[in-house]
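> Take a look and give me a structure for this.
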Amino acid sequence: MDINFNKNEDHNKLLLSDLRKKLNQVKMGGGKRRIEKHHAKGKMTARERIDYLLDPQQDALEIGALAGEDMYSEHGGCPSGGVVVKIGLVQGRPCVVVANDATVKAGAWFPITGKKNLRAQEIAMENRLPIIYLVDSAGVYLPLQDEIFPDKEHFGRIFRNNAIMSSMGITQIAAVMGSCVAGGAYLPIMSDEALIVDKTGSIFLAGSYLVKAAIGESIDNETLGGATTHSEISGVIDYKAKDDKAALDTIKSIVSKIGDFDKAGFNRSSTHPPKANPEDIYGLLPKSRSDQYDMLEIIHRLVDNSDFEQYKQEYGKTLLTGYARIDGWAVGIVANQRKVVKNGKGEMQFGGVIYSDAADKATRFIANCNQKKIPLVFLQDVTGFMVGSKSEHGGIIKDGAKMVNAVSNSVVPKFTIVIGNSYGAGNYAMCGKAYDPRLIIAWPSAELAVMSGNSAAKVLLQIEKASLESKGETFNAEKEQALFERIKTGYDQQISPYYAAARLWTDAIIDPLATRNWISKGIEAANCAPLTRPFNMGVLQV
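Predicted coordinates for the structure are as follows:
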């Protein structure tokens, strides 16, 4: 291996080490002291509940583990958004499990908590997966109520989705394992079946203090809305459990009896590991996001037998398109080629840039995958579409629009892996979050923004410099460089993969070696939802 390979490897493994530290930290929720206090009440933590519910010996997918990262510091933080979401097998059936983390602000809902719950429901609806809610929440976090209460994508959308999923025939099961108050009380009761844990679970629209203040009635919370009340008097609850494990065992029993379902029928054969060593990825991926490398070498370390059958190999070379298998599943791959290439006319084309010929190729390939019912995998390391008079005269806007159209109207499931750059309209064309990938995940090397930190800082510098000069300030080289560094530092924080993950622009940041598992389990989940409409791109400028 050459010296650059070793430097890249060291850099990428350090990024991975930072990721593991952050994940270990957020998995502690509200911290050791609050976990111990939780246990003292005879309750399991959110993660313990999910681990007990899911089938053993499986590598479940955790959605939004880094949600809320470095947000709400003035409110004490909100690790993992105060809720844990996993996709995994329960009694052999893929399910979405959502568990409030009561060690974080008593499980109160921050704005990011609502967004994460909606993402969990979206996954369940897209893939027609049963969804299980493990409820233990004090309700809306009141200091931020204006950011979570009234809007379309706020708290109320949860209950709307409960109703829609019920009409779709998607099984919903809720277990009240702690507090369940105010508007949140509707979630378990709008589910198909509801459980409650004796002595620790409670459901009411208003607690005893509010009842006393509102109507003058004196009553304790257990009598008002405890397990006995709702299982024997109100009939609100279907099952009463003596403790957390008994409730989770009941859920397992319910899930085990759900009937079979129609499948999408995606093609799968026996699985084979890549022939090329996947660990080489750490050395192949450059430390600098502007350096060139061969994306084909990355693909060979992600796909079964390192076998990638290229589509239009000699045309539109800044995008790699072709067929492969990942853990046995047939996939179509669209990937940004990151090395300089020559087109059919002998002209040099920059790696990571989408040219007209590449966009045209990708459009046709995406249509073919939809025709053959093959899931799509997008490997992003893109700086955007080519600019300049030659590209504009050649119709880059038209060709780019065709590619965006194909991505938008694709009916087969799409999975997006942000490997490196994800800039500007390139993010859109390569199936960014706005284009409904079933899962979108990032490697620690990812950057998401309108443009790179260096380019954006130069633009913003000129704007700020002109503004200051109009006020009479003068600049020398040293002062200009200091201003540039200040602007770039602020912008670089926003293009970090952690900034994106905190806001759920991506579902997770993962070790590159986990990519095969995420794609495989994502397709397994997507296979539970038959395709319901044909592929149609509408009107195109051809």
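> all contacts plus neighbour counts: C-alpha atoms, from now on.
OK.
> Relative to residue 506, how far out is residue 497?
Separation of residue 497 from residue 506 (CA to CA, to the nearest Å) stands at 8 Å.
> Show me whatever sits in contact with both of those two.
Taking CA atoms under 8 Å, 6 or more residues apart in numbering as the contact definition, residue 497 and residue 506 share the neighbouring residues residue 442.
> so which helix or strand takes in the residue located most distally from the centre of the chain?
Distance from the centre of the chain peaks at residue 472, with 47.3 Å (CA atoms, centre = their mean). Using DSSP states H and E, residue 472 sits within no helix or strand.
> Look up how far residue 464 lies from it.
Taking CA to CA, one finds residue 472 at 13 Å from residue 464.
> if we can go back for a sec, and the residue farthest from the centre of the chain, what pLDDT?
Predicted confidence (pLDDT) for residue 472: 79.
> try the one 5 residues further on
Residue 477 is assigned 77 on the pLDDT scale.
> Likewise for residue 542?
pLDDT at residue 542 comes out at 54.
> got it, and residue 392?
For residue 392, pLDDT reads 87.
> tell me which element the residue nearest to residue 485 when sequence neighbours are not counted is part of?
Spatial nearest neighbour of residue 485, chain neighbours left out: residue 457 (8.0 Å); criterion: CA to CA, 6 or more residues apart in numbering. Counting by DSSP H and E, the element that carries residue 457 is helix 453-470.
> and if you look at residue 196?
According to DSSP H and E, residue 196 maps onto strand 193-197.
> contacts for that strand?
Residues from elsewhere that reach strand 193-197 (CA under 8 Å, 6+ apart): 172-178, 188, 202, 227, 237-244, 247.
> Counting neighbours, which of those residues end up buried?
By neighbour count, with 16 or more other CA atoms under 10 Å, those hold 172-178, 188, 202, 227, 237, 239-241, 243-244, 247 as buried.
> How far away from the center of its chain is the lowest-mean-pLDDT helix or strand in the chain?
Lowest on mean pLDDT, DSSP states H and E among the helices and strands of the chain sits helix 453-470, with a mean of 76. On the basis of CA atoms, centre = their mean, to the nearest Å, helix 453-470 sits 33 Å off its chain's mean C-alpha point.
> Just the buried residues of that helix, please?
Using 16+ other CA under 10 Å as the test for burial, helix 453-470 gives 453, 456, 457, 460, 461, 465.
> what's the closest non-adjacent residue to residue 411?
Using CA to CA, 6+ apart, the nearest residue to residue 411 is residue 535, at 5.9 Å.
> isn't that neighbour right up against residue 370?
Yes - taking CA atoms under 8 Å as the definition, residue 535 is a contact partner of residue 370 at 6.4 Å.
> Now do the end-to-end distance for stretch 197-208.
19 Å.
> tell me the strands in the stretch 351-500 of the chain, going along the chain?
Taking DSSP state E, counting those that start in this stretch as the criterion, the stretch 351-500 of the chain contains strands spanning 353-354, 376-382, 384-385, 414-423, 439-442, 447-449.
> which helices and strands sit right next to the longest one?
By that I understand strand 414-423. Under the contact definition 3 or more CA pairs under 8 Å, 6 or more residues apart in numbering; DSSP states H and E, strand 414-423 sits against strand 376-382, strand 439-442, strand 447-449.
> Partner strands of it, with direction?
Using DSSP bridges, strand 414-423 pairs in its sheet with strand 376-382 (parallel), strand 439-442 (parallel), strand 447-449 (parallel).
> residues of that strand that come out buried?
414, 415, 416, 417, 418, 419, 420, 421, 422, 423.
> what's the following helix or strand after the helix or strand hosting residue 85?
Secondary structure assignment for residue 85, by DSSP H and E: strand 83-90. The helix or strand immediately downstream of strand 83-90 is strand 93-100, counting by DSSP H and E.
> Dump that following strand to CSV, restricted to CA.
Only the C-alpha atoms of strand 93-100 are listed here, as CSV (Å, rounded to 0.1, in the frame of the first residue of the first chain):
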residue,chain,number,x,y,z
ARG,A,93,-41.4,-10.3,11.2
PRO,A,94,-39.8,-6.9,10.3
CYS,A,95,-41.2,-4.2,12.6
VAL,A,96,-40.6,-0.6,13.5
VAL,A,97,-40.3,-0.1,17.3
VAL,A,98,-40.5,3.3,18.9
ALA,A,99,-39.7,3.8,22.6
ASN,A,100,-39.8,7.0,24.6
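> going forward, begin numbering at 12 instead of 1
With 12 as the first residue, the last one maps to strand 104-111.
> which residues does the closest residue to residue 151 other than its chain neighbours contact?
Of all residues not flanking residue 151 in the chain, residue 120 sits nearest, at 4.6 Å (CA to CA, 6+ apart). The neighbours of residue 120, taking CA under 8 Å, 6+ apart as the test, are 93, 148, 149, 150, 151, 152.
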